[in-house]
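K.L.:
structure, please.
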Amino acid sequence: MDLPLDFATLRLIWWGLLGVLLIAFALTDGFDLGVGALLPFVARTDEERRMVINTIGATWEGNQVWFILGGGAIFAAWPFVYAVSFSGFYLAMFLLLSALILRPVSFKYRSKRPSAKWRSFWDWGLFVGGFVPALVFGVAVGNVLLGAPFRLDGDLRSFYEGHLLGLFTPFALIAGLLSVAMLVLHGAAWLSIKAEEGPVLDRARRFGAIAGVLALVLFAVGGLYVAFGGLGYRITGALDVNGFSNPLRTTVEAAPGAWLDNYGRYPWMLIAPVLGFGGALLALIGIWRRSAPLAFGGSSLSTVGIISTAGLSMFPFILPSSINPQSSLTVWNASSSHLTLFVMLIVTVIFLPLILIYTTWVYKVLWGRTSTAALKTNPDLY
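P.N.:
Below you'll find the predicted structure:
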């Protein structure tokens, strides 16, 4: 069956779509996580905390759609990646999902009783539900850049030889803390748009400024680590971009500094790290000038740039193997079939615009600042 798009083109499109879904998740649910991580520190009274919670209360559930779509895309378009990562990183996934489950429970139960201790407990639940996923997502990206300790046998069965504590290496922790700083900055920028002027917003700006500086420093440190810390993998053998998926057909070797190769080969990719640094600087300027649009626009650009830097640096790798580079998963050797990718693309072209239109409409309807006064007049608020 002849399809309008060749196999290599479809693989490249789905690699790009996966990046779009992950970035969309970071841009939307990312500020939810950032606000949750900031909650105990920017709001001190019960009214202040309820006001902060309700800046994300109407949209946090919808924002998780992008996380679900991203997981679904990995499952359907990159089955090898799904099988290796979700089985090998099982305990890390359990930690992540436990924190994400704690978040909706905290939203729903927090105001069920007037007890200060009760509400404080669930407020810290929201903190854990924001901080832990942000940290684990970053640690995961750090480990992907380092290479995961897995191997494939001749029957393409995967064997993972790592453990949970082994994921928290110095570089992975740098990536994890960068993720936290990036999303806390994004959360503070969101509060600058949604929270009423007052002490909560002043505190959010202070913490946002600290997070912005840390994001710049950690992004720079991570870049230096990649450049001089011996990270990288390179395909050395013949490459068939239209061949059937079998990771063992690709010859790969560890190559220190190889994650920088693409920037010399495709100079336009330098846009990504420039956005990462430039966006964070714009966000800081917006915070200092009390310009909400500049702060949120800058944090959004920084998020896009930082995530894109990781993806573009690794291309065409998706999940390299640190113990057996020959088992590394790439865009060209780990995808679903030609027909599967094409059918999925048709479905995506139909439904993704509908999701975007609906999401835009929801934000338009719910636009406006949240105030402590509204807590007394609107029974639907948390």
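K.L.:
beyond the helix or strand harbouring residue 276, next helix or strand please.
P.N.:
Using DSSP states H and E, residue 276 maps to helix 271-288. Where DSSP H and E defines the elements, the next helix or strand beyond helix 271-288 is helix 292-314.
K.L.:
what's the next helix-or-strand element following that following helix packed up against?
P.N.:
Later in the chain than helix 292-314, the nearest helix or strand by DSSP H and E is strand 317-319. Strand 317-319 sits against helix 79-88, strand 329-330, with contacts defined as 3 or more CB pairs under 8 Å, 6 or more residues apart in numbering; DSSP states H and E. Where C-beta positions appear, they are placed from N, C-alpha and C, glycine not excepted.
K.L.:
hmm, who's touching strand 317-319?
P.N.:
15, 78, 81, 84-85, 144, 148, 233, 328-331, 334 (CB atoms under 8 Å, 6 or more residues apart in numbering).
K.L.:
residues contacting residue 214?
P.N.:
Contacts of residue 214 by CB under 8 Å, 6+ apart are 177, 181.
K.L.:
quick one: buried residues of the strand or helix carrying residue 227?
P.N.:
Using DSSP H and E, the element containing residue 227 is helix 199-228. For helix 199-228, burial by neighbour count (16 or more other CB atoms under 10 Å) applies to 200-201, 203-205, 207-209, 211-212, 214-216, 218-219, 222-223, 225-226.
K.L.:
likewise for stretch 77-89?
P.N.:
Of the residues in stretch 77-89, those buried (16+ other CB under 10 Å) are 77, 78, 79, 80, 81, 82, 83, 84, 85, 88, 89.
K.L.:
could you do stretch 236-256 as well?
P.N.:
Neighbour count says stretch 236-256 has 245, 247, 250, 252, 254, 255 buried, by 16+ other CB under 10 Å.
K.L.:
look at residue 1 and report its pLDDT.
P.N.:
Residue 1 is assigned 58 on the pLDDT scale.
K.L.:
give me the neighbour count for residue 367.
P.N.:
9 (other CB atoms under 10 Å).
K.L.:
three-state assignment of it?
P.N.:
Secondary structure assignment for residue 367 (DSSP: H, G, I helix; E, B strand; the rest coil): coil.
K.L.:
tell me the phi and psi of it?
P.N.:
phi -70, psi 150 (degrees, to the nearest 10).
K.L.:
the one 4 residues further on too?
P.N.:
Dihedral pair for residue 371: phi -130, psi 160, per degrees, to the nearest 10.
K.L.:
residue 85 contacts residue 158, correct?
P.N.:
No. Contact between residue 85 and residue 158 fails when scored by CB atoms under 8 Å: they sit 9.5 Å apart.
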